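Undergrad: The following comprises the amino acid sequence and a computationally predicted model.
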Amino acid sequence: MTAIPNRERTKTILTLAAPVILEMILGMVVWIADTAMVGRLDAEALSAVGLGGQIFFSSVNVFASIGVGAAAIVARHIGAKNLERSSEAASHAFQIGLGLGIILFICSYFLFGNFFVLANAEEAVVALGSEYLKIISIAGIFMVPGSISSAMLRATGDTKTPMIGAIITNVINLIGDYVLIFGKWGFPRLEVAGAAIATAIGQILGFSYIMLTLFRGKGKIQYRPGKMTVGENQDLKQIWRFSFPALINELMISGGRLIYSFMVIGLGTLSFAANQIAVTAESLSFMPNFGFAVAATTLVGQNLGAGDREVAEEYGWASANLAAIVMGVTAIVFLFFPKVMAGLFTDEADVIELAGKCIRIGALEQIPMAYSMVLSGALKGAGDTKGPMYITIGSNWLYRLPASFLAIYILKLPVTYLWYVTAIQYVIETIFFAHRFKKGKWASIHIS
């Protein structure tokens with residue numbers, strides 16, 4: 001284990017991570033602006049777009065988790081300098097993604113509106129939310145294969161193309177929101193429908209750019225229509241083998257997140273609002289971790305493909321250590337300026353006070369979160385998708401949810417204690433991820 005990454009490896013990791021972090025920041029800025037613009041309409045519109053967006057984008061993440069296995073396969077072939085096989089595997093992954101995108105479109109258009117009814121939403125929210133989902137559903141056909149394409153590009157070491165795609169998506173989304181929600185520049189005022197149209201157009205154009213880049217073959221991999229045949233099923237089976245645990249993992253995490261939100265709602269409006277603000281602040285800290293996790297996935301996979309297990313392991317630890325250093329700085333900000341951060345999202349004194357307490361406790365989770373996310377990415381880069389699935393599902397469903405239930409319904413503790421529960425969860429995950437990565441069994445996973 002390399003305690004401090006050297007200059008050359010630090011530069012390599014940061015070159016991969018920086019565009020991903022910028023991509024995440026852009027998405028967060030647009031999400032905040034999108035929420036603010038819809039919030040100017042009314043509570044029904046905000047609820048419809050908020051819940052509809054959560055349902056749709058969570059579904060995209062579940063289907064696009066196929067990209068985890070595809071990225072591991074592509075990275076391994078790139079490391080072995082077998083560009084032909086990497087392009088074949090990428091083409092087959094795109095084929096799967098396109099099929100899943102069509103399934104998402106059908107579900108979003110015809111079925112997902114029922115979630116509003118199940119949630120006992122008001123009649124106006126049900127109508128607006130169903131309309132939002134029907135409009136945005138067409139974007140699913142592009143977003144699932146597009147997200148998978150982005151994952152495979154990052155696996156080749158190209159994190160700039162997905163970043164450019166994200167810039168296209170977010171700029172169009174932001175401008176479209178302003179124009180179509182409020183009816184500016186001669187366009188009609190479409191309100192919630194306008195938000196859905198803007199989001200759909202932005203996502204379609206952004207991911208179309210990414211997929212077009214791959215069909216043109218400007219980088220290390222190229223989509224080849226002639227390879228997209230069901231008969232050649234070696235890659236299809238292998239992609240499913242490595243991706244299915246990631247899909248189950250994402251599905252279970254999303255379900256657990258929804259159940260957790262329902263439990264927090266039971267604590268009352270003040271606690272829920274404060275928790276949401278603290279979660280938003282926490283989500284800002286995910287961004288550097290995600291970037292370093294992508295770097296770990298790529299570098300571990302490529303160096304394994306090149307037959308250098310030792311360098312692969314060093315890059316895994318180096319990426320995690322760099323992330324921990326960055327998150328250590330974040331922890332200091334969370335610890336000493338929690339109310340300042342809470343004040344960025346609300347001006348209600350009681351909410352700021354409670355959210356500030358949650359954010360300060362959130363400082364405890366920053367460094368463990370770095371090791372958890374990045375070492376998980378390192379394992380996935382090696383093709384070990386089952387380990388992260390077992391660990392994250394176990395930490396959520398065997399620890400966090402039961403502990404949260406105990407704190408809320410049995411011990412009647414305030415929302416701040418849930419943040420101690422979460423901090424302990426990341427410590428548990430770090431211990432298991434570090435142990436699994438240190439054992440090194442991931443280095444013997446075979447990819448053909």
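TA: Alright, I've got the coordinates.
Undergrad: neighbours of residue 427, just the number please.
TA: 17 (other C-beta atoms under 10 Å). Quick note: C-beta positions are derived from backbone N, CA and C, even for glycine.
Undergrad: How about residue 380?
TA: 29.
Undergrad: Pretty sure it sits against residue 70.
TA: No - contact criterion C-beta atoms under 8 Å: residue 380 and residue 70 do not qualify, at 11.0 Å.
Undergrad: Quick check: next helix or strand after the helix or strand where residue 270 lies?
TA: Taking DSSP states H and E as the criterion, the element that holds residue 270 is helix 269-305. Of the helices and strands lying after helix 269-305 in sequence (DSSP H and E), the nearest is helix 309-336.
Undergrad: Buried ones in the helix or strand following that following helix, by neighbour count?
TA: Note on helix 309-336: by DSSP H and E, the next helix or strand toward the C-terminus is helix 338-342. Across helix 338-342, burial judged by 16 or more other C-beta atoms under 10 Å covers 338, 341, 342.
Undergrad: how distant is helix 338-342 from the center of its chain?
TA: 24 Å (C-alpha atoms, centre = their mean, to the nearest Å).
Undergrad: And for stretch 270-288?
TA: For stretch 270-288, the distance to the chain centre is 15 Å (C-alpha atoms, centre = their mean).
Undergrad: Stretch 319-334 now?
TA: 19 Å.
Undergrad: Next, the buried residues of that stretch.
TA: Buried residues in stretch 319-334 (16+ other C-beta under 10 Å): 319, 320, 321, 322, 323, 324, 326, 327, 330, 331, 333, 334.
Undergrad: Closest one to residue 354 out of those, please.
TA: Lowest distance from residue 354 to these (C-beta to C-beta) belongs to residue 334, with 15.0 Å.
Undergrad: roughly how far apart are the closest one and residue 283?
TA: Residue 334 sits 13 Å away from residue 283, going by C-beta to C-beta, to the nearest Å.
Undergrad: Helices along the stretch 301-448 of the chain, start to end?
TA: For the stretch 301-448 of the chain, the helices defined by DSSP state H, counting those that start in this stretch cover 309-336, 338-342, 349-362, 366-381, 386-393, 401-405, 416-439.
Undergrad: What is the end-to-end distance of stretch 154-164?
TA: Taking C-alpha to C-alpha, to the nearest Å, stretch 154-164 runs 13 Å from one end to the other.
Undergrad: who's in contact with that stretch?
TA: Stretch 154-164 is contacted from outside by 16-20, 22-23, 70-72, 74-75, 78, 86, 150, 153, 209-210, 213, 219-221, 294, 297-298, 301-302, 381, using C-beta atoms under 8 Å, 6 or more residues apart in numbering.
Undergrad: Can you tell me which of those end up in strands?
TA: Among the contacts of stretch 154-164, no member falls in strands (DSSP state E).
Undergrad: Okay, buried residues for stretch 260-278 please.
TA: Those would be 260, 264, 267, 271, 272, 273, 274, 275, 276, 277, 278, for stretch 260-278 by 16+ other C-beta under 10 Å.
Undergrad: How far away from the center of its chain is that stretch?
TA: For stretch 260-278 - counting by C-alpha atoms, centre = their mean - the centre lies 22 Å from the chain centre.
Undergrad: looking only at pLDDT, what's the mean for it?
TA: For stretch 260-278, mean pLDDT is 79.
Undergrad: what's the span of that stretch, first residue to last?
TA: End residues of stretch 260-278 are separated by 14 Å (C-alpha to C-alpha).
Undergrad: And for that stretch, what's in contact with it?
TA: 342, 345-346, 348, 350-351, 354-355, 358-359, 362, 400-401, 404-405, 408-409, 414-415, 418-419.
Undergrad: ChimeraX command to pick out the buried ones of those residues?
TA: A single ChimeraX command selects the buried members of these (16+ other C-beta under 10 Å):
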select :342,345,348,351,354,355,358,359,362,400,401,404,408,415,418,419
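Undergrad: give me phi/psi at the residue of the chain most remote from its centre?
TA: Ranked by distance from the centre of the chain (C-alpha atoms, centre = their mean), the top residue is residue 186, with 36.0 Å. Phi and psi for residue 186, reported as degrees, to the nearest 10, are phi 90, psi 0.
Undergrad: pLDDT score for residue 21?
TA: 89.
Undergrad: residues contacting the closest residue to it other than its chain neighbours?
TA: Once flanking residues are discounted, residue 21 sits nearest to residue 291: 3.9 Å by C-beta to C-beta, 6 or more residues apart in numbering. Residues near residue 291 by C-beta under 8 Å, 6+ apart: 16, 17, 18, 19, 20, 21, 24.
Undergrad: distance of residue 291 from residue 297?
TA: Counting by C-beta to C-beta, the gap from residue 291 to residue 297 is 11 Å.
Undergrad: circling back: which one of the buried residues of stretch 319-334 is nearest residue 11?
TA: Checking the buried residues of stretch 319-334 against residue 11 with C-beta to C-beta, the nearest one is residue 322 at 10.9 Å.
Undergrad: what's the helix or strand for the residue most central in space within the chain?
TA: The residue lying closest to the centre of the chain (C-alpha atoms, centre = their mean) is residue 61, at 6.8 Å. Following DSSP H and E, one finds residue 61 within helix 43-64.
Undergrad: domain assignment for this protein?
TA: As given by automatic domain parsing, the domain ranges for the chain are 1-5+266-448, 41-243.
Undergrad: Residue 250: which of those domains is closest?
TA: Comparing the domains of the chain against residue 250 with C-beta to C-beta, the closest turns out to be domain 41-243 (4.4 Å).
Undergrad: Next, count neighbours for residue 126.
TA: Residue 126 has 19 neighbours, counted by other C-beta under 10 Å.
Undergrad: same check, this time on residue 435
TA: Neighbours of residue 435 under the rule other C-beta under 10 Å: 12.
Undergrad: Give me the pLDDT for it.
TA: For residue 435, pLDDT reads 96.
Undergrad: now do the one 4 residues further on
TA: Among the per-residue scores, residue 439 shows a pLDDT of 94.
Undergrad: burial count for it?
TA: What residue 439 shows, counting by other C-beta under 10 Å, is a neighbour count of 10.
Undergrad: again with residue 117
TA: The local packing of residue 117 (other C-beta under 10 Å) involves 12 other residues.
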